[in-house]
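1. Got a sequence here, can you model it:
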Amino acid sequence: MKLKIHFEQCWLKKERLPPKEKWHFKIKKRKEDCKIFPKILSASFRCETCSEEEAKYRCPRCMKYSCSLLCVKKHKLALSCNGIRDKTSFISVNEFTDLNLLSDYRFLEDVGRTADAAARDLSVHRPTTNKFINYLRNRARRHNINLKTLPIGFTKRRENSTIFNKKEQKFYWHLKLVFPHCHAEYTLKRVPEDKTLTDILKPYIDPVESDPVVCQRCKLYIMSSVVLKPKITFLLFLRYNELDASRSLLENLKNKVIIEYPTLFVVLKKLKNDMVVLGQEVGN
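-> Sure, this is the predicted structure:
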């Protein structure tokens, strides 16, 4: 019974210790721990390159301790370390903190900023585009075709799918057919230059080979005439070049000015006089 009372008194006495005595007790305990393990604590903060001086710097990438600039350079050469923190290194869920979350957020912001800057940099896109356009112009010039191109961003520039096949040594044109009297427009891609205008128009105005829906819409054009819209001139009216439907597309485009791609207007012969054809007088 006395022993029990003695323990209770000791417990109460320990609980009633003032805060200062508790604080001094903890400090003494830490000092005792340092005396017991002096080598372990000092070694953990020692330079990992020379193992002599106290560490002052810590590499953000490999987490190695260094004492001076010389040791920092030595550790970079020895470990092939660039000294830049790895923002994509693995961190377990237990070790994940608010600082890691902020780092990931800033990393995603940097990625978005870099992608946006690359998309806005015209110097990245210009060399390939200019090289391709200049190649098309030179090839068209060899066929006596004056090919004009529009700046990047224009609708016709985006639509144009004209290419030059190096193996076959011929153009595959992006072509636009306009039937003004039935208010219809059709776009053809990769039309070979050696194809005649008659063959090009067959799927639209031929009673046998054309699609029934398209043929019904363009039934007025069985007896038609084809004209080419040239470059826009500063006149009160447009002038057109009359083309020969029996000739190939390349032969019809020679000595003509083409803006991006040819636009062919298919008009009725009886209404052809309403259009001003180049080489003819306005009154004809």
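
2. Direction included, what does the helix or strand containing V191 pair against?
-> Using DSSP states H and E, V191 falls within strand 184-192. As defined by DSSP bridges, the strand partners of strand 184-192 come to strand 170-179 (antiparallel).

3. Give me the contacts around the partner strand.
-> Strand 170-179 is contacted by residues 139-140, 143, 159-165, 184-194, 200-201, 204, 218, 221, 249-250, 260-266 when judged by C-beta atoms under 8 Å, 6 or more residues apart in numbering. (C-beta placed from N, C-alpha, C; glycine too.)

4. try 7 Å
-> 159-165, 185-194, 204, 218, 221, 249-250, 261-266 (C-beta atoms under 7 Å, 6 or more residues apart in numbering).

5. same thing with stretch 86-103?
-> Contacts for stretch 86-103 (C-beta under 7 Å, 6+ apart): R61, F107.

6. What mean pLDDT does it get?
-> Stretch 86-103 shows an average pLDDT of 86 in the prediction.

7. Span of that stretch from start to end?
-> 11 Å (C-alpha to C-alpha, to the nearest Å).

8. before we move on, what about stretch 240-249?
-> Terminal residues of stretch 240-249 lie 16 Å apart, using C-alpha to C-alpha.

9. buried set for it?
-> Within stretch 240-249, the residues scored as buried using 16 or more other C-beta atoms under 10 Å are Y240, N241, E242, L243, S248, L249.

10. Which single one of these is nearest to L70?
-> Of all the buried residues of stretch 240-249, L249 has the smallest distance to L70: 74.4 Å, by C-beta to C-beta.

11. Return the residues in contact with that closest one.
-> Residues near L249 by C-beta under 7 Å, 6+ apart: W173, V191, E193, K195, L197.

12. Neighbour-wise, give me the winner out of the residues you listed.
-> W173 (25 neighbours; other C-beta atoms under 10 Å).

13. Tell me the pLDDT of that residue.
-> At W173, pLDDT is 91.

14. do the one 10 residues further on as well
-> At H183, the pLDDT value in this model is 79.

15. Just give me the neighbour total for it.
-> Neighbour tally, H183, other C-beta under 10 Å: 8.

16. about what we covered before: of the contacts of L249, the lowest pLDDT goes to which?
-> Lowest pLDDT among these: L197, 85.

17. for that residue, what are its contacts?
-> V226, L243, A245, L249, N252.

18. could I get the contacts of L249 as TSV with distance to N134?
-> Formatted as TSV, the contacts of L249 follow (distance: C-beta to C-beta, whole Å):
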residue	distance to N134
W173	18
V191	22
E193	19
K195	26
L197	28
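
19. What is the nearest of those to P151?
-> Distances from P151 to the contacts of L249, taken by C-beta to C-beta, are shortest for W173, at 20.8 Å.

20. what pairs with that closest one across the strands?
-> Beta-bridge pairing of W173 under DSSP bridges involves V191.

21. how big is the angle separating whichever strand or helix holds F265 from strand 170-179?
-> Using DSSP H and E, F265 sits in strand 263-268. Orientation check (axes from the mean of the first three to the mean of the last three C-alpha atoms, to 10 degrees): strand 263-268 against strand 170-179 gives 40 degrees.

22. circling back to that earlier point, in strands only, show me the buried residues of stretch 240-249.
-> Using DSSP state E, Y240, N241, E242 are the members of the buried residues of stretch 240-249 that sit in strands.

23. Could you pull out the strands in this structure for me?
-> Using DSSP E, strands in the chain cover 57-58, 65-66, 146-148, 163-165, 170-179, 184-192, 224-228, 239-242, 257-259, 263-268, 276-277.

24. how about JSON lines for those, with distance to R85 added?
-> Output for these, formatted as JSON lines (distance: least, C-beta to C-beta, whole Å):
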{"stretch": "strand 57-58", "distance to R85": "11"}
{"stretch": "strand 65-66", "distance to R85": "15"}
{"stretch": "strand 146-148", "distance to R85": "53"}
{"stretch": "strand 163-165", "distance to R85": "48"}
{"stretch": "strand 170-179", "distance to R85": "51"}
{"stretch": "strand 184-192", "distance to R85": "51"}
{"stretch": "strand 224-228", "distance to R85": "64"}
{"stretch": "strand 239-242", "distance to R85": "67"}
{"stretch": "strand 257-259", "distance to R85": "54"}
{"stretch": "strand 263-268", "distance to R85": "58"}
{"stretch": "strand 276-277", "distance to R85": "72"}
